[in-house]
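# pasted the sequence and its predicted model underneath.
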Amino acid sequence: MMPQAENALIFNTTAAKHATLAIEVDVARYAGFKGIETTAAKVQSYLNADHSVADLKAALSGLPVYGIGTVLDIERHGDDARSLISDARAIFELAHHVGAGGVQVITGPLDHLEVARFREAKPKAGYRGVLDYKEEERIEITAGNLKMLAEIAREFDLIVYLEALAWSPLNSLAHQVTLLRKANQDNLKMVVDYWHCYASGDHPEDLARIDGNLIYGVHVCDSLPFTGGVPNESVLRDIPTGEGVLDLKAWTDAVKATGYTGWWCSETFCRKLQQENSYDVASQMRAQLASLILS
């Protein structure tokens, strides 16, 4: 597996959401990042445009790819299990071609509106995953799938890292630790995302208590105030990191308290920033990360 640099500051694809992979890599280098976390869609688009895997490696030119996302709705089971395995293998193969360290996987449903319909006892309108199940069954199914995904990922020399969506039924840090412990795979870890932690009801003190060895990476991000209900990510995250309600230092100190010393990246879902000069945005975000983590 790819060696992990200590406290590496890496570029996250959200800072250049509308750019091509080639531009994203250039932005990351310009801003001084030591690696990237990108998406399978960007990598696949590059390859679909008549570029070879050799072209891809040349474009990266030694810039480490710490992670690629994302395998969605990882609790898919029964008739949906085959699509989960197919989706995962396709992304694992892409990650292997890039020389990535890991692949991000997330809990579902991806659609927060379906969760709202479920809570309001409205008829099903889309994928619901394990919403209709008791918590013990949710954990059993999801942990079993995580074990399976980690076993497949091992064929490609990859880490699988879990991100629990704040509106999903297994969303808390405690849920994630339980899933990782139950699946019990050495190439299975989690990513700490400040926003998802906050919107799930967790606090820095909850984070500080977990085992840092379970963490693969950290997403530094912010939020508008969340007062309850089903969190709407597109609304709550439409704010520059550092201008929202999260105490970034408190969350960062909590991560450090776990003993974690791996990679960090700054995410932005702010639509205004995503339409601005990506080189400037990335440079500002790296400076903010350095101030938080390296000072």
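Noted; the coordinates are in hand.
# show me what contacts the closest residue in space to residue 159 that isn't next to it in sequence?
Spatial nearest neighbour of residue 159, chain neighbours left out: residue 102 (3.5 Å); criterion: Cβ to Cβ, 6 or more residues apart in numbering. C-betas here are computed from N, CA, C, even on glycine. Going by Cβ atoms under 8 Å, 6 or more residues apart in numbering, residue 102 touches 66, 67, 68, 95, 158, 159, 160, 161, 189, 216, 217.
# mind running it again at 6 Å?
67, 158, 159, 161, 216 (Cβ atoms under 6 Å, 6 or more residues apart in numbering).
# burial check on the residue lying closest to residue 168 once chain neighbours are set aside, number of neighbours?
Ranked by Cβ to Cβ, 6+ apart and with sequence neighbours excluded, the top spatial neighbour of residue 168 is residue 107, at 4.2 Å. Residue 107 is flanked by 29 other residues according to other Cβ atoms under 10 Å.
# Three-state assignment for the residue lying closest to residue 123 once chain neighbours are set aside, please.
Using Cβ to Cβ, 6+ apart and skipping the chain neighbours, the partner closest in space to residue 123 is residue 117 (7.4 Å). Under DSSP: H, G, I helix; E, B strand; the rest coil, the three-state class of residue 117 is helix.
# per-residue confidence for residue 117?
On pLDDT, residue 117 comes in at 97.
# gap between it and residue 58?
The spacing between residue 117 and residue 58, counted by Cβ to Cβ, to the nearest Å, is 47 Å.
# okay, those two: which has more neighbours?
residue 117 (19 against 11).
# so residue 12 is in contact with residue 37, correct?
Yes - counting by Cβ atoms under 6 Å, residue 37 is a contact partner of residue 12 at 5.0 Å.
# rewinding a little: just flag the most distant two among the contacts of residue 102.
158 and 216 (10.8 Å; Cβ to Cβ).
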